[in-house]
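K.L.:
Prediction below, plus the sequence it came from.
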Amino acid sequence: MKKKILVSLLFSIGIFILYIPRVSAIGTANISIWANTSTVVVGNNVTFTVDMTSSNGGAFSAWSYTMDCSSNLVFQSGDKINELAGASNSTLTSKRFTFTFKASKSGSANCTFKINSLPDYNDPAIGQMGGTKSKSASIKIITQQELEASYSKNNNLSSLSIDGYQLSPAFNKNTLEYNVEVPNNVTKVKINATKEDGKASIQGTGEHNVSEGKNKIEIKVIAQNGSVKTYVVNVTVKELDPIVVEVNGIEYNVVRKEKEVSAPNSTFTKKTIKINDLDVPAFENTKIGYTLVGLKDHEGNIELYIYDEKNNTYTLYREFNFKSSIICIKNNASQIPINYSPTTITIDDKKVTVYQKDKSSKFYLFYGINLEDGKGNLYVYDSVEQTVQRYNNENDKIIDEHIEKEELYEYIIIGLGSLLIITYFILLISLIINSHKKRKIRKQKKSNYETSSKNIHNDSGKDLDEEDEDTADNEDDE
């Protein structure tokens, strides 16, 4: 009896030992799937990646799978959606698949990777690997309009500062302009800023070159939706011993740094002059006797002015290139004929005072100096063709002829209009008179018929006056 029990026990142990290798040889399959984006715009592509791995010592012998996706995803490229394939070696423990689809319609979309068959290479006879048999991943498909509507509108800064100096006023995201004053020896400043929204972008931070006077620095914040907010930092560099002058009631600083001004054209040469015993960069044209210096306003804008050392005056310099010559327009009323009146027009985006003989004329007169030969002359400017020519008596004739033609055209138009109105009224009056005459004739005929019908009757009992009246009425209608 004991012997039988021992044999049975040994037999069971033997079977268990034989079974253990077979069970341990079957691996476990693991699947993971993901998309390269959670949201895709209609018309764009999205790629799904699937990783298939084994564990517990298993290896892939072969595989059969399907990749099933929503109808609004159209397959473009990558691995086959359905595949039955075998492994090339006994050590294959992982396999990656990629599938690219085009989004065709907005809405949610889903892709499911499903294993149909996956035998273990080490012991294919036993059966399929265990583990997960399918996995899914989802995305959202939107239109371009939906995408843009979702963009952030936040274009605020969360901080703004300048290294080593204090802004005035203190920073507030809703305050767009700030001021700071720095010593004269400062040539660069560093602007720091941070954005309130991580999806926005900033332009204008970092180092900026500055010069004496006011320097305007712009910091732009561009929101994700493209809207822009501009913050301004006005950096004023103190000027040592500034030369302050007044022109037409406005104060300016004379520019004393050469790099801030340049000659307007090649007819001027650079030189240095003294103003208030201080060196000032200037430009001279000996032919016309002009000396130009730069004046800076409180906004930091610099323009060239004609400096008259004898009278210590400054006159805004204006020059215009009229293709044939470069002319500096000078407001010299004494040179203008008495039958011309002053007016202001714009030439090359610059306002200038010129003179006009007639308000309807497109020709203007001004006194200018030719920078090439230094000679002053009266010039006629044609605002239509934007050309100039020297003025002489013949120009007045041309201008007068032009004015006369315009006046003649006006008279002709007025005359024709008046004639049409008069003709209309004549026809209207004629129609009224004719209508009145016809009405009187009808009344007279009717009266005659009524008088004659009183004494005449037909045999049938019908009064002749009724017949006559009907006849008269018919004639009137005709």
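P.N.:
Noted; the coordinates are in hand. Numbers count the residues shown, from 1 in each chain.
K.L.:
where does the stretch 51-200 of the chain have low pLDDT?
P.N.:
Residue ranges of the stretch 51-200 of the chain with pLDDT under 70: 57, 87-90, 121-132.
K.L.:
All the strands of it, residue numbers only.
P.N.:
Using DSSP state E, counting those that start in this stretch, the strands found in the stretch 51-200 of the chain span residues 62-69, 73-78, 82-86, 94-103, 107-117, 130-131, 134-142, 157-162, 177-182, 188-195.
K.L.:
do you know which of those strands lies nearest Thr353?
P.N.:
strand 177-182 (33.8 Å; CB to CB). (Glycine included, C-beta is placed from N, CA and C.)
K.L.:
name the helices or strands packed onto that closest one?
P.N.:
Strand 177-182 sits against strand 228-237, with contacts defined as 3 or more CB pairs under 8 Å, 6 or more residues apart in numbering; DSSP states H and E.
K.L.:
strands paired with the strand it packs on, and their directions?
P.N.:
Its sheet considered, strand 228-237 pairs with strand 177-182 (parallel), strand 213-222 (antiparallel) by DSSP bridges.
K.L.:
re the thing from before, as JSON lines, the strands of the stretch 51-200 of the chain with distance to Lys257 and mean neighbour count would be great.
P.N.:
Converted to JSON lines, the strands of the stretch 51-200 of the chain look like this (distance: least, CB to CB, whole Å; neighbours: other CB atoms under 10 Å):
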{"stretch": "strand 62-69", "distance to Lys257": "69", "mean neighbour count": "18"}
{"stretch": "strand 73-78", "distance to Lys257": "63", "mean neighbour count": "14"}
{"stretch": "strand 82-86", "distance to Lys257": "75", "mean neighbour count": "12"}
{"stretch": "strand 94-103", "distance to Lys257": "60", "mean neighbour count": "17"}
{"stretch": "strand 107-117", "distance to Lys257": "65", "mean neighbour count": "16"}
{"stretch": "strand 130-131", "distance to Lys257": "78", "mean neighbour count": "16"}
{"stretch": "strand 134-142", "distance to Lys257": "56", "mean neighbour count": "17"}
{"stretch": "strand 157-162", "distance to Lys257": "22", "mean neighbour count": "17"}
{"stretch": "strand 177-182", "distance to Lys257": "15", "mean neighbour count": "16"}
{"stretch": "strand 188-195", "distance to Lys257": "15", "mean neighbour count": "16"}
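K.L.:
For Asp241, which of those is the nearest?
P.N.:
strand 177-182 (16.6 Å).
K.L.:
roughly how far out does that closest one sit from the chain middle?
P.N.:
Taking CA atoms, centre = their mean, to the nearest Å, the mean C-alpha location of strand 177-182 is offset from the chain mean by 30 Å.
K.L.:
then it to CSV, C-alphas only?
P.N.:
In CSV, the C-alpha atoms belonging to strand 177-182 read as follows (Å, rounded to 0.1, in the frame of the first residue of the first chain):
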residue,chain,number,x,y,z
GLU,A,177,3.9,104.0,-21.3
TYR,A,178,6.8,104.4,-18.8
ASN,A,179,9.6,106.8,-18.3
VAL,A,180,13.1,106.5,-16.9
GLU,A,181,16.1,109.0,-16.8
VAL,A,182,19.7,107.8,-17.0
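K.L.:
And the strands of the stretch 51-200 of the chain: which comes nearest Ile426?
P.N.:
Nearest of those to Ile426, taken as CB to CB: strand 177-182 at 70.0 Å.
K.L.:
Domain map for this protein?
P.N.:
As given by automatic domain parsing, the domain ranges for the chain are 25-148, 157-237, 244-317, 321-391, 416-478.
K.L.:
how long is the fourth one end to end?
P.N.:
The first and final residues of domain 321-391 sit 17 Å from each other (CA to CA, to the nearest Å).
K.L.:
re the thing from before, include distance to Tyr411 when you put the strands of the stretch 51-200 of the chain into JSON lines, please.
P.N.:
What follows is these, written out as JSON lines (distance: least, CB to CB, whole Å):
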{"stretch": "strand 62-69", "distance to Tyr411": "82"}
{"stretch": "strand 73-78", "distance to Tyr411": "75"}
{"stretch": "strand 82-86", "distance to Tyr411": "90"}
{"stretch": "strand 94-103", "distance to Tyr411": "71"}
{"stretch": "strand 107-117", "distance to Tyr411": "73"}
{"stretch": "strand 130-131", "distance to Tyr411": "102"}
{"stretch": "strand 134-142", "distance to Tyr411": "68"}
{"stretch": "strand 157-162", "distance to Tyr411": "65"}
{"stretch": "strand 177-182", "distance to Tyr411": "57"}
{"stretch": "strand 188-195", "distance to Tyr411": "66"}
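K.L.:
ranges for the strands of the stretch 301-450 of the chain?
P.N.:
In the stretch 301-450 of the chain, the segments counted as strands under DSSP E, counting those that start in this stretch are 302-308, 313-316, 319-321, 326-330, 341-347, 350-356, 363-370, 376-382, 387-390.
K.L.:
okay, those strands in CSV with distance to Ser117 and mean neighbour count next?
P.N.:
What follows is the strands of the stretch 301-450 of the chain, written out as CSV (distance: least, CB to CB, whole Å; neighbours: other CB under 10 Å):
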stretch, distance to Ser117, mean neighbour count
strand 302-308, 82, 19
strand 313-316, 91, 15
strand 319-321, 85, 16
strand 326-330, 89, 20
strand 341-347, 84, 12
strand 350-356, 84, 16
strand 363-370, 93, 22
strand 376-382, 91, 19
strand 387-390, 89, 15
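K.L.:
Tabulate those in a markdown table, adding columns for distance to Val180 and mean pLDDT.
P.N.:
Formatted as a markdown table, the strands of the stretch 301-450 of the chain follow (distance: least, CB to CB, whole Å; pLDDT from 0 to 100):
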| stretch | distance to Val180 | mean pLDDT |
| --- | --- | --- |
| strand 302-308 | 21 | 94 |
| strand 313-316 | 29 | 94 |
| strand 319-321 | 36 | 82 |
| strand 326-330 | 39 | 84 |
| strand 341-347 | 36 | 88 |
| strand 350-356 | 33 | 88 |
| strand 363-370 | 43 | 87 |
| strand 376-382 | 45 | 86 |
| strand 387-390 | 47 | 83 |
